[in-house]
Each structure stands twice: as C-alpha cells, then as structure tokens.
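[1] quick one: sequence and predicted model below, then my questions.
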Amino acid sequence: MIPGPKNLITDVPGLLVGNAQDDALKSGTTVLLGKAPLTTSVHVMGGAPGTRETDLLAPDKSVAQIDALVLSGGSAFGLDACSGVVAGLREQGRGFTLGSAVIPLVPGAILFDLLNGGLKDWQDNPYPALGRTALEAVSEDFELGSHGAGTGALTATLKGGLGSASFVLDSGVTVGALVAANPMGSVTTPGERHFWAAAYEISQEFGGLGPDLSSGLGRDLRSRKTEAMQKLSQGGTLPVEGGNTTIAIVATDAELSKAQCQRLATAAHDGIGRACLPAHSPGDGDLVFAASTGERQLENPDAALALIGHAASLCLSRAICRAVYHATPKENDLLPCWNAG
C-alpha cells in the first residue's frame, strides 16, 4: 500500500472536506461531505464523548446513509455546527426524503477547546455559522494543522491540530483518515521531537526523525496542557483527565455495510492507541466515524475488511502525527508547536 496522490482523505473518490475557523476564538469546524450519501457507522472508546445523531449509525437502526459528517471545536456549543451544515444542505435539496420533507442527516462530534487562550466571550453561538462556512468551502484540497476543527486543539505537551493521510491498497481500494487531535496524552516522546507513531511514517510526512531510541518511556504523564488550563481558569480545579478528545473519520471507496463500517471504525481506533499516549482515557471523547462511498465492490468483503481496517488504523496514526507536525503558532497560544520556527 502507498499513500494516495494528495495523502488526504479526499483521495477517496467522492469525498470533499471544508474548514472554517476563527483565530481569535481559537476554534473551528471541519465538514466531510460525500458527493453522494455515505454508508456510515461509529465506534466510541473514550469516556467523555460529545456527539450528535450517532445512535442512528448503529447497524440495527433504519437509516441507511447520511449526507455529511462534522468534526468541531467548541465542546457542547460546537455541536451546533451540525445545524449550520444541515441548513446549507437543505438549501441544496440534499437529505433523507420523507414525503415532501427533505431532512439532511449530519452526525457530528466535538472536542474541548474552551480553555485554550481564545476569546470566548461571544453572546451568540458562533458554531452554526462556522459549520455553514465549512460546508461552503468543501474541496478535494484543504489545510492541515491549525485549521478547521484542529484550530484550537492541544496535546499534553504541544499544539494539536487537524490531520489527514491516505493509502491506496494493492487491490486499488483507497482508505483515508481525517482527525482533529486534542488528546489528553502526548503525541511525542519526552523532548517533544520524536513521534510515538514514528515507525509508521511515510516519506518524512511528519519530519522524518524516526523513532525515539530511548527505553522505559511512557511512565511520566505530566500534562503541560492541564497546567496551562488551570492557570487560565483562574485557580479553578481542572481534573488531569478533563478537557480532551481525539475525533476522527476513516473512509474508503470499498462497498461496505453499516455493520462492516462499524468494524472498520473499531479497528481504526488502534491508530489512536499507537499515536497518543495514553489513549481512550476516562476524560477523552475518543471517537471514530467510518464511511463508505460504496464505489468499489469487493470479491470477498470479509477477507478484505481486515486489511482495510489495518490500513485505516495506520492512516489514522499518521494523520494524528501530521496534525501536530503542521500546527502553526498563533497569538496567545498556551503551548508551543512542534515546528516552533
């Protein structure tokens, strides 16, 4: 398997991604749109998820396909980014048809970025407008790092961000990942240069420094993010495990059922575990959506699904590292960037 031509989730034919952000707010929204409805499911492994309309993605639920997926900052407020996307899709005439009603189906997930140095004194929720703007910006090309849902993201030690990566399998199937990386844990080893998932890097896509050769790593879970948030909250008590999440989408052009998409989402979580230390904590909302455009039929879907899931997990690890690698410094940042200058 090799990366697709863009090394983005939009290497999967039929997918578009749009970003919108407010740098003063230090937050934003990312939308993944299918040119046609997408077969989609989800798997949640974090203990503190924030979601909208994820129940309908269970294999036993009647809705077969959805129109778009949203990743957003803003914690609970960010779920309203989905409303902006719904409004925009309704104007386009897209959605589930029930009689004369057209209902766009737009599940979403959010991360916590309310204590990151941005201006949070807004009166009207800005996220519906951000969602609509992101929808209007959808394209096969989009920015990584401090853009979209990754604008205000933070890891334990460095700025997080928005990341993406792809693989084209020997069979011709394309697999991609899109992630907003805001984990409780670190994405780099102590010293903040080597990535935990360095072994999966392709062609120096996140710096090319290779694995950390030190041993005995992983025992110090000190979080500069938590310390900075506690200072920002003016002495308020913030649990070490509070205010985090890695939210992601993996996608493929292979024809998959909702049940197979759920298995794909489950397998892709390995990518979070390889890239973030620790992962899937009580205070992380770690979640992976899995979507299929259904454009490529499989001769043996069950056998192919194992490799597709493995590829998705590797793409997700690489996407998380690329999110941190491409983050850029902004005024009033709480944490430095991997590319500090």
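    On my side now, so go ahead.

[2] can you give me the helices in the chain?
    81-91, 127-136, 224-232, 258-275, 301-325 (DSSP state H).

[3] mind checking how far the shortest one is from the chain centre?
    Mean-position distance between helix 224-232 and its chain equals 23 Å (C-alpha atoms, centre = their mean, to the nearest Å).

[4] what helices or strands is it leaning on?
    Here helix 224-232 touches no other helix or strand, going by 3 or more C-beta pairs under 8 Å, 6 or more residues apart in numbering; DSSP states H and E. To be clear about C-beta, it is placed using only N, CA and C from the backbone, and glycine gets the same treatment.

[5] now it: average pLDDT?
    Average pLDDT, helix 224-232: 78.

[6] would you mark the buried spots in it?
    Within helix 224-232, the residues that count as buried by 16 or more other C-beta atoms under 10 Å are 224-226, 228-230.

[7] select, from those, the two members most distant in space.
    R224 and Q230 (10.8 Å; C-beta to C-beta).

[8] for the buried residues of helix 224-232, give me CSV that also has distance to E201.
    Output for those, formatted as CSV (distance: C-beta to C-beta, whole Å):
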residue, distance to E201
R224, 24
K225, 24
T226, 28
A228, 28
M229, 30
Q230, 33
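
[9] nearest to R193 among the residues you listed?
    The closest of those, once distances to R193 are taken by C-beta to C-beta, is R224, at 15.3 Å.

[10] what count of nearby residues applies to the closest residue to that closest one other than its chain neighbours?
    Closest residue to R224 apart from its sequence neighbours, by C-beta to C-beta, 6 or more residues apart in numbering: T157 at 5.2 Å. If you count neighbours by other C-beta atoms under 10 Å, T157 ends up with 21.

[11] also the one 3 residues further on?
    G160: 36 surrounding residues under other C-beta under 10 Å.

[12] which residues touch it?
    By C-beta atoms under 8 Å, 6 or more residues apart in numbering, the contact list for G160 reads 150, 153-154, 180-183, 187, 323-324, 327.

[13] quick check: the gap between the closest residue to G95 other than its chain neighbours and L264.
    Once flanking residues are discounted, G95 sits nearest to P104: 3.7 Å by C-beta to C-beta, 6+ apart. From P104 across to L264, the span is 23 Å (C-beta to C-beta, to the nearest Å).

[14] out of these two, which sits in the more crowded spot?
    Each of P104 and L264 has its neighbours counted (other C-beta under 10 Å); L264 has more, 28 against 20.

[15] run a quick neighbour tally on the closest residue to the more buried one other than its chain neighbours.
    Nearest residue to L264, sequence neighbours excluded (C-beta to C-beta, 6+ apart): A290, at 4.0 Å. Using other C-beta under 10 Å, A290 has 31 neighbouring residues.

[16] kindly state the beta-bridge partners for A290.
    S41, V250 (DSSP bridges).

[17] which stretch in the helices of the chain is the model least sure about?
    Ranked by mean pLDDT, those end with helix 224-232 at the bottom, a mean of 78.

[18] show me what contacts R52?
    So R52 contacts 70, 79, 82, 106-109 (C-beta under 8 Å, 6+ apart).

[19] so how far is S100 from it?
    Distance from R52 to S100, by C-beta to C-beta: 25 Å.

[20] G46 too?
    40 Å.

[21] I'd say S166 and V173 touch.
    No. Using C-beta atoms under 8 Å, S166 makes no contact with V173, being 11.1 Å away.

[22] ok, those two, which is more surrounded?
    S166 (27 against 21).

[23] mind checking how far the residue nearest to G95 is from G18?
    15 Å.

[24] and for G34?
    Using C-beta to C-beta, G34 is found at 13 Å from G18.

[25] again with R296
    With C-beta to C-beta as the criterion, R296 and G18 are 24 Å apart.

[26] more neighbours, these two?
    Between R296 and G18, G18 has the larger neighbour count (other C-beta under 10 Å), namely 22 against 18.

[27] export stretch 199-212 to CSV, keeping only CA atoms.
    C-alpha atoms of stretch 199-212 as CSV (Å, rounded to 0.1, in the frame of the first residue of the first chain):
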residue,chain,number,x,y,z
ALA,A,199,7.5,3.7,12.8
TYR,A,200,4.5,4.3,10.5
GLU,A,201,5.7,7.5,8.8
ILE,A,202,5.9,7.5,5.0
SER,A,203,8.4,9.7,3.2
GLN,A,204,9.1,12.2,6.0
GLU,A,205,5.5,13.3,6.1
PHE,A,206,5.9,14.5,9.7
GLY,A,207,9.6,15.4,10.0
GLY,A,208,11.4,12.1,9.3
LEU,A,209,13.3,11.9,12.6
GLY,A,210,12.4,8.3,13.1
PRO,A,211,11.6,6.5,16.4
ASP,A,212,12.9,7.5,19.8
